[in-house]
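Student: Fold the following, please.
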Amino acid sequence: MQHLFSSQPRLTALLSALIVAFGAPAVHASSHREAPSIAGSPRVDGTDFYLFRSYENSRADYVTMIANYLPLQDAYGGPNYFKLDPNALYEIHVDNNGDAKEDLTFQFQFKNNFKNIKLPIGNQMVGIPLTQAGTVSSPNDAALNVNERFTMNVVRGDRRTGTVAAVTNTATGSATFDKPVDYIGTKTLGNQAAYEAYAAKHVYSVNIPGCGMPAKVFVGQRQEAFAVNLGAIFDLVNAPVAVITDPTLINAAAVNSIQDKNVTSLALEVHKSCLTQGSESVIGGWTSASVRQSQLVNPNPPSGLQTSTTYGGSWVQVSRLGMPLVNEVVIGLADKDKFNASVPRNDGQFATYVTNPTLPALLEIVLNLPGTAPTNLPRLDLVTTFLTGIPGVNQPAGVVGSEMLRLNTAIAPVPFAQQNRLGIVGSLLSSGTDFAGFPNGRRPKDDIVDVSLVAVMGGLCVANGNSNALGFGAACNPGAVPLGATAFKLHDAVDQAVVPLLPGFPYLNTPNPGSK
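Tutor: Below is the predicted model:
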């Protein structure tokens, strides 16, 4: 597909169709506690998925994938903090031929090594009640009472029946990796610079069987990178219309309500040639988490770590995340658990939620703006862009409609300082050249909330014009968008671009400490 980008006018015309396309089904950009069942299982709750060409110096030919789990962590949450589930399977899936089935899956499994550190108390040796027995500065530090470790496999083909191979450390050949302990606080782990130096010791160069280029992997706690006015949004969008339609009030009228939270990231950087297939440059990606089907609670658990439950049976998927916040604000409450258990190739069962979305109507009600929802029902424009990608931009040949993030790996990355926080939307509106961001994948800086608000209230049809310039159908025109140009001014008053980030892998910032 790379030849499609040889002409800047052609590129601009094609990407105009993307103004807000992939954001269409969502209002925000993450998936925190989005379904009834997963809300009770935070350790396997996928919250965000990032998929982008690496913009770190000398890493432009690599693709970074970041899967976040375990949402809304309060940094002070001791004494156990936020260990991932050793009885779960965490996965990042890649479809590289457009058939809505995984061709590559990167699997992560965790093990908590309990050392049972004891202290002499009188004439007895007694186990301590904490995760740590002193200061910590190195992997598997002697002071860690519980050391978290993980293994990683690559599966080619079906995630359960395909060919499985272990990913190994290029330096040692080991297939087991240490995970840094969460940022307990500055007395245990030093200041933020010290913690980041400690975390950096857990960034591994790895060999992926079948890939001729070494990759990188990091698993550990990070500062929440998603910016949103979360409380106000779920409180019936508790903000004046005059505020959320005035772009000059971004960063002035609200604060990022979750910047003091942490999250756990599974970050992987792989050479793009190891992810694509043949001449197809577009890849699709999504994440999942699965648990064992059988869980038996022991009324008399033995001594040890997490001994109260016995697990067995096959893996059962309980979390799924591709495009942001689909399950949170698009899928109806009755089908949220079903969506989390589903796979992309079966997404036709959820099509009504996209063709006849309730979100515009809900915004009419909560903002007291009757008659402002787009009228071009069924929203076939959203179906086209959401389920297939845009032809000539990030739609793979022979695509099967399905929900996932899609990235055209032929589009070069843009350095962080030059990135437009609105991705392709912002570049088109400003005659810029940043076409490497959302909805062509998703970078940490991309302000998905604002782009998505524009989309859901009809921005795509305003861009389509009265001549069906973008090919979304004659019914998708400015007359179907009561808000008109005001749709392009919508925002949540919080700016994604000011969230602190790292300049390179793993990109997400040092976590907040439990104490200072």
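
Student: which stretches of the stretch 351-500 of the chain form strands?
Tutor: Secondary structure of the stretch 351-500 of the chain (DSSP state E, counting those that start in this stretch): strands located at 405-408.

Student: so where do the helices sit in it?
Tutor: 352-355, 359-366, 380-388, 423-429, 448-456, 459-464 (DSSP state H, counting those that start in this stretch).

Student: Can you give the contact residues for the second one?
Tutor: Read it as helix 359-366. Residues outside helix 359-366 that contact it (Cβ atoms under 8 Å, 6 or more residues apart in numbering): 27, 236-237, 329-330, 369-374, 456-458. The way it works is simple: take the backbone N, C-alpha and C, and place the C-beta from them, glycine included.

Student: Least confident of those?
Tutor: On pLDDT alone, residue 27 ranks lowest of these, at 35.

Student: Walk me through the regions of the stretch 1-150 of the chain where pLDDT falls short of the threshold, as ranges.
Tutor: 1-31 (pLDDT under 70).

Student: just to revisit the earlier point, from the helices of the stretch 351-500 of the chain, pick the one with the highest average neighbour count.
Tutor: Of the helices of the stretch 351-500 of the chain, the one with the most neighbours on average (mean count of other Cβ atoms under 10 Å) is helix 448-456, at a mean of 29.

Student: relative to helix 380-388, how tilted is it?
Tutor: 140 degrees (axes from the mean of the first three to the mean of the last three Cα atoms, to 10 degrees).

Student: What is the burial count for residue 80?
Tutor: Residue 80: 12 surrounding residues under other Cβ atoms under 10 Å.

Student: distance of the residue lying closest to it once chain neighbours are set aside from residue 321?
Tutor: With Cβ to Cβ, 6 or more residues apart in numbering as the criterion, residue 80 has its nearest non-adjacent residue at 6.7 Å, and that residue is residue 131. Residue 131 is 28 Å from residue 321, where distance means Cβ to Cβ, to the nearest Å.

Student: more crowded one of these two?
Tutor: residue 321 (29 against 23).

Student: returning to that earlier point: identify the residues contacting the residue nearest to residue 80.
Tutor: 78, 79, 80, 81, 144, 145, 146, 181, 184.

Student: For stretch 333-344, could you pull out the residues that count as buried?
Tutor: Buried residues in stretch 333-344, counted by 16 or more other Cβ atoms under 10 Å: 335, 336, 337, 339, 340, 341, 342, 343, 344.

Student: which SS class is the first one?
Tutor: Taking DSSP: H, G, I helix; E, B strand; the rest coil as the rule, one finds residue 335 in the helix state.

Student: Looking at this protein, which strand is longest?
Tutor: strand 282-297 (DSSP state E).

Student: other SSEs contacting it?
Tutor: strand 46-53, strand 62-74, strand 88-95, strand 309-321, strand 405-408 (3 or more Cβ pairs under 8 Å, 6 or more residues apart in numbering; DSSP states H and E).

Student: would you put the C-alpha positions of it in CSV?
Tutor: What follows is strand 282-297, C-alpha atoms only, in CSV (Å, rounded to 0.1, in the frame of the first residue of the first chain):
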residue,chain,number,x,y,z
VAL,A,282,-1.7,-2.6,7.6
ILE,A,283,-1.9,-4.5,10.8
GLY,A,284,-4.8,-4.8,13.2
GLY,A,285,-4.3,-5.2,17.0
TRP,A,286,-6.3,-5.8,20.2
THR,A,287,-5.7,-7.2,23.7
SER,A,288,-7.4,-9.7,25.8
ALA,A,289,-7.2,-11.4,29.2
SER,A,290,-8.4,-14.9,30.1
VAL,A,291,-8.9,-16.9,33.2
ARG,A,292,-9.4,-20.6,34.0
GLN,A,293,-12.9,-21.8,33.6
SER,A,294,-13.0,-23.6,37.0
GLN,A,295,-12.2,-21.9,40.3
LEU,A,296,-12.7,-23.7,43.6
VAL,A,297,-12.4,-21.8,46.8
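
Student: Neighbouring strands of it in the sheet, and parallel or not?
Tutor: strand 88-95 (antiparallel), strand 309-321 (antiparallel), strand 405-408 (antiparallel) (DSSP bridges).

Student: Now do the helix or strand following the second one: distance to the chain's middle.
Tutor: Translated: strand 309-321. Remark: after strand 309-321, the chain's next helix or strand is helix 326-329, criterion DSSP states H and E. Centroid separation for helix 326-329 versus its chain: 13 Å, with Cα atoms, centre = their mean, to the nearest Å.

Student: name the helices or strands packed onto helix 326-329?
Tutor: Against helix 326-329 (3+ Cβ pairs under 8 Å, 6+ apart) you get helix 336-340.

Student: average model confidence for the helix it packs on?
Tutor: 95.

Student: out of the contacts of residue 131, which are buried?
Tutor: 78, 81, 144, 145, 146, 181, 184.

Student: hmm, which two among these are most spread apart?
Tutor: 78 and 144 (13.7 Å; Cβ to Cβ).

Student: Specify the beta-bridge partners of the residue lying closest to residue 90 once chain neighbours are set aside.
Tutor: The shortest distance from residue 90 to any non-neighbouring residue, by Cβ to Cβ, 6+ apart, is to residue 108 (4.3 Å). In this entry, residue 108 is beta-bridged to residue 90, residue 152, by DSSP bridges.

Student: Near residue 108, how many other residues are there?
Tutor: Neighbours of residue 108 under the rule other Cβ under 10 Å: 24.

Student: check contacts around it.
Tutor: 89, 90, 91, 150, 151, 152, 219, 266.

Student: Columns distance to residue 204 and neighbour count on top of those residues, output as TSV?
Tutor: Below are the contacts of residue 108 laid out as TSV (distance: Cβ to Cβ, whole Å; neighbours: other Cβ atoms under 10 Å):
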residue	distance to residue 204	neighbour count
89	20	21
90	16	26
91	19	26
150	10	19
151	12	16
152	9	23
219	9	27
266	13	26
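
Student: Distance to residue 56 added to the residues you listed, as JSON lines?
Tutor: What follows is the contacts of residue 108, written out as JSON lines (distance: Cβ to Cβ, whole Å):
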{"residue": "89", "distance to residue 56": "29"}
{"residue": "90", "distance to residue 56": "24"}
{"residue": "91", "distance to residue 56": "25"}
{"residue": "150", "distance to residue 56": "23"}
{"residue": "151", "distance to residue 56": "26"}
{"residue": "152", "distance to residue 56": "21"}
{"residue": "219", "distance to residue 56": "18"}
{"residue": "266", "distance to residue 56": "18"}
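
Student: Can you tell me which of these is nearest residue 231?
Tutor: Distances from residue 231 to the contacts of residue 108, taken by Cβ to Cβ, are shortest for residue 266, at 27.5 Å.

Student: Would you check how far apart that closest one and residue 346 are?
Tutor: For residue 266 relative to residue 346 (Cβ to Cβ), the value is 25 Å.

Student: What residues of stretch 291-304 count as buried?
Tutor: So for stretch 291-304, counting by 16+ other Cβ under 10 Å, buried means 291, 292.

Student: Quick one: end-to-end distance for that stretch.
Tutor: 21 Å (Cα to Cα, to the nearest Å).
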